[in-house]
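Student: I'd like to go over a predicted model; first the sequence, then the structure.
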Number of protein chains: 2
Amino acid sequence: MDRLIKAIAEKKNPTVVGLDTHYKYIPLADTGEMDIRRKAEAILKYNKCIVDHVYEYVPGVKVQIAYYEMLGLAGIECFIETVAYAKKMGLLVMADAKRNDIGATAEAYAEAFLSTEKPGDELFFADYLTVNPYLGEDGIRPFIQYCAEHDKGIFVLVKTSNASSGQLQDQVLQDGQKVYRHMGNLVGEWGKALTGASGYSRVGAVIGATYPEELSELRAAMPHTFFLVPGYGAQGGGAADVIGGFDANGAGAVINASRSILCAWMREPWKETYAPAQYGEAAKAEVIRMRDALTQEMRTQGICPW
Amino acid sequence: MDRLIKAIAEKKNPTVVGLDTHYKYIPLADTGEMDIRRKAEAILKYNKCIVDHVYEYVPGVKVQIAYYEMLGLAGIECFIETVAYAKKMGLLVMADAKRNDIGATAEAYAEAFLSTEKPGDELFFADYLTVNPYLGEDGIRPFIQYCAEHDKGIFVLVKTSNASSGQLQDQVLQDGQKVYRHMGNLVGEWGKALTGASGYSRVGAVIGATYPEELSELRAAMPHTFFLVPGYGAQGGGAADVIGGFDANGAGAVINASRSILCAWMREPWKETYAPAQYGEAAKAEVIRMRDALTQEMRTQGICPW
């Protein structure tokens, strides 16, 4: 995670912009009649505009691949080009793909997302990948190996932001621990050998902004695990909700917001503007607002490092 | 699951061929020097040859998308063409992608894999999709909705075939149930409203062939849930191991084998044959051998429906 931690310090901003770009989120009066190739083109154009407006203010972007897969081959091409463009503009890229499988299959996913860039190969080439731990260590080990060999990182789902995450994750085991805590312990163990100079491992965890108590609990329990915290903004989490994800030095977490930034143009004072200079500005204003709200909260808690 | 159950009865064979086609599995003396586009082309040619040789003997194929994603855009194109070819040859297609997310994102994955075919749209268009339940019902509901609306089905991971699956799935909850059993109960509930004429729901479960006791336990506990049972062959499961997945009428499960079929050409008497007519024959012989082994075991247990 050292690269991410350095980039956060440079931008003085522990947030990433989620390019979860559903075509419904892009400023076109009507996309109903567009075929998937035109939708993919519109998304790429929108993503580039967002990146152009925010790259000076954030360390990276999180790209949710589902919105690209839903446009098939054209969408995958758009995903690859979005990742390449964000990297070109100096941003770190998290692929939010929640991949999971075992053995040679997990290795194939790791190759797809976490291998070292080679010109001409149209792979997904992210810096970070989210992974799902339901299968246990066999499903994580191949990703960890790629992290070590290719200077990359992963974020393992531990406690997710959605309302029904407790159906499995909050179940209490016989030893009194909840499932998310059990998984947190495993993630800590899996990452131990890959702890960097920052004190944080390449093996991070996903903890939702919508569960502030669990976030603080896991922060204390997982001192070497960096957190990716989604659920800020549209899903309901605010600065006070995510503050527990940071350590005493204001490090240890990166917060993601997607819809609140992508759809900023739908709100006042930009309401329904269809000009790139305007919807890009709307996203930028929201990014700055989020950064300032987090900075303020960190100062209040006496943990702001800048 | 009614379409799958009908196809199994027609072929008198409750198995699917796993097109988990790593380029290392295809009969070429050396693939090390090939770029990803040529690898993808070689895989498509191999898949078509396998389909040509097995389509008369199996109801469907399971295509593991990781091996296609590892070849980037060219690989995704190969995946889409593989799926289209298998369908053209009358086979049902399971996309083994273990997708998982929440809300609009899960819906995007469902759209990608489970929407109704439209000519010209290069989507993934499978009949069935594997999904991962770590996020709870929010992560499953959008897929279920697509199953209902588009005559499709899903298989939810419950007890996976790998050695470390117990790290989470075998943990004992306070009520004495193991996590996989808890998940099995949830899957049964989630699928209740989508039970077809066969008595089985569109919401199936993945239970590994390598855990025969759990397979029998879950068969009894989940009377309306159809099982996809991977892990036969190369992973170590045999006919006696999977028999517990079937109900008293020899229905309720479909068994997958991948490497044992894809790599049959590496074994005697076909050892290292590079002629399509030969490696296709090797796969076909293995498919027939597997079908006959299962039929024999079902007869021994008195549950063979044909």
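Tutor: Arrived safely.

Student: pLDDT (mean, whole number) over stretch A:39-54?
Tutor: The average pLDDT within stretch A:39-54 is 96.

Student: List the buried residues in that stretch.
Tutor: Residues A:39-44, A:46-51, A:53-54 are the ones in stretch A:39-54 that count as buried (16 or more other C-beta atoms under 10 Å in any protein chain shown). The way it works is simple: take the backbone N, C-alpha and C, and place the C-beta from them, glycine included.

Student: next one: stretch A:282-291
Tutor: A:Ala282, A:Ala283, A:Lys284, A:Ala285, A:Glu286, A:Val287, A:Met290, A:Arg291.

Student: In helices only, show me the residues you listed.
Tutor: A:Ala282, A:Ala283, A:Lys284, A:Ala285, A:Glu286, A:Val287, A:Met290, A:Arg291 (DSSP state H).

Student: show me the contacts for the third one.
Tutor: Think A:Lys284. For A:Lys284, the contact set (C-beta atoms under 8 Å, 6 or more residues apart in numbering or on different chains) comprises A:His53, A:Val54, A:Tyr57.

Student: which residues does A:Ala97 contact?
Tutor: A:Ala97 neighbours (C-beta under 8 Å, 6+ apart): A:Ile65, A:Tyr109, A:Phe113, A:Leu129, A:Thr130.

Student: And it, which helix or strand is it part of?
Tutor: Using DSSP states H and E, the element containing A:Ala97 is strand A:92-99.

Student: Starting from that strand, tell me which strands it pairs with and how they run.
Tutor: Partner strands and pairing direction for strand A:92-99 (DSSP bridges) are strand A:60-64 (parallel), strand A:128-131 (parallel).

Student: these two touch, right, A:Met1 and A:Gly196?
Tutor: Yes: A:Met1 lies in contact with A:Gly196 (C-beta atoms under 8 Å); the separation is 6.2 Å.

Student: Compare the two (neighbour count), which wins?
Tutor: A:Met1 (29 against 15; other C-beta atoms under 10 Å in any protein chain shown).

Student: pLDDT weak spots in chain A?
Tutor: A:29-32 (pLDDT under 70).

Student: try 80 this time
Tutor: A:28-33, A:119-122, A:234-236, A:272-277 (pLDDT under 80).

Student: and the strand holding A:Ala97, C-alpha only, in CSV?
Tutor: The C-alpha atoms that make up strand A:92-99 are tabulated as CSV, following Å, rounded to 0.1, in the frame of the first residue of the first chain:
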residue,chain,number,x,y,z
LEU,A,92,-3.7,5.0,-9.1
VAL,A,93,-6.4,2.7,-10.3
MET,A,94,-8.5,0.3,-8.2
ALA,A,95,-10.4,-2.3,-10.1
ASP,A,96,-13.5,-3.0,-8.1
ALA,A,97,-14.3,-6.5,-9.5
LYS,A,98,-14.7,-8.6,-6.3
ARG,A,99,-13.1,-11.5,-8.1
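
Student: That strand: how far from the chain's middle?
Tutor: Computed by C-alpha atoms, centre = their mean, to the nearest Å, the separation of strand A:92-99 from the middle of its chain amounts to 7 Å.

Student: which of the residues in it are buried?
Tutor: So strand A:92-99, judged by 16+ other C-beta under 10 Å, has buried residues A:Leu92, A:Val93, A:Met94, A:Ala95, A:Asp96, A:Ala97, A:Lys98, A:Arg99.

Student: hmm, stretch A:249-266 in reach of chain B?
Tutor: No: with C-beta under 8 Å from any C-beta of the partner chain as the criterion, chain B is not reached by stretch A:249-266; the gap is at least 8.6 Å.

Student: For that stretch, what is the distance to the chain centroid?
Tutor: On C-alpha atoms, centre = their mean, the centre of stretch A:249-266 falls 9 Å from that of its chain.

Student: can you tell me the distance between the two ends of that stretch?
Tutor: 36 Å (C-alpha to C-alpha, to the nearest Å).

Student: May I see the buried residues of stretch A:39-54 arranged in JSON lines, with distance to chain B and secondary structure as well?
Tutor: Converted to JSON lines, these look like this (distance: C-beta to the nearest C-beta, whole Å; DSSP: H, G, I helix; E, B strand; the rest coil):
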{"residue": "A:Lys39", "distance to chain B": "11", "secondary structure": "helix"}
{"residue": "A:Ala40", "distance to chain B": "10", "secondary structure": "helix"}
{"residue": "A:Glu41", "distance to chain B": "14", "secondary structure": "helix"}
{"residue": "A:Ala42", "distance to chain B": "16", "secondary structure": "helix"}
{"residue": "A:Ile43", "distance to chain B": "12", "secondary structure": "helix"}
{"residue": "A:Leu44", "distance to chain B": "14", "secondary structure": "helix"}
{"residue": "A:Tyr46", "distance to chain B": "16", "secondary structure": "helix"}
{"residue": "A:Asn47", "distance to chain B": "15", "secondary structure": "helix"}
{"residue": "A:Lys48", "distance to chain B": "19", "secondary structure": "helix"}
{"residue": "A:Cys49", "distance to chain B": "21", "secondary structure": "helix"}
{"residue": "A:Ile50", "distance to chain B": "18", "secondary structure": "helix"}
{"residue": "A:Val51", "distance to chain B": "20", "secondary structure": "helix"}
{"residue": "A:His53", "distance to chain B": "23", "secondary structure": "helix"}
{"residue": "A:Val54", "distance to chain B": "21", "secondary structure": "helix"}
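
Student: Export those residues as a markdown table, with columns for distance to A:Leu173.
Tutor: Formatted as a markdown table, the buried residues of stretch A:39-54 follow (distance: C-beta to C-beta, whole Å):
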| residue | distance to A:Leu173 |
| --- | --- |
| A:Lys39 | 45 |
| A:Ala40 | 44 |
| A:Glu41 | 49 |
| A:Ala42 | 47 |
| A:Ile43 | 42 |
| A:Leu44 | 45 |
| A:Tyr46 | 44 |
| A:Asn47 | 42 |
| A:Lys48 | 47 |
| A:Cys49 | 47 |
| A:Ile50 | 42 |
| A:Val51 | 43 |
| A:His53 | 46 |
| A:Val54 | 42 |
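
Student: From those, pick the one nearest B:Ser161.
Tutor: A:Ala40 (36.0 Å; C-beta to C-beta).

Student: surely that closest one meets A:Leu71?
Tutor: Yes: counting by C-beta under 8 Å, A:Ala40 touches A:Leu71, with 4.8 Å between them.
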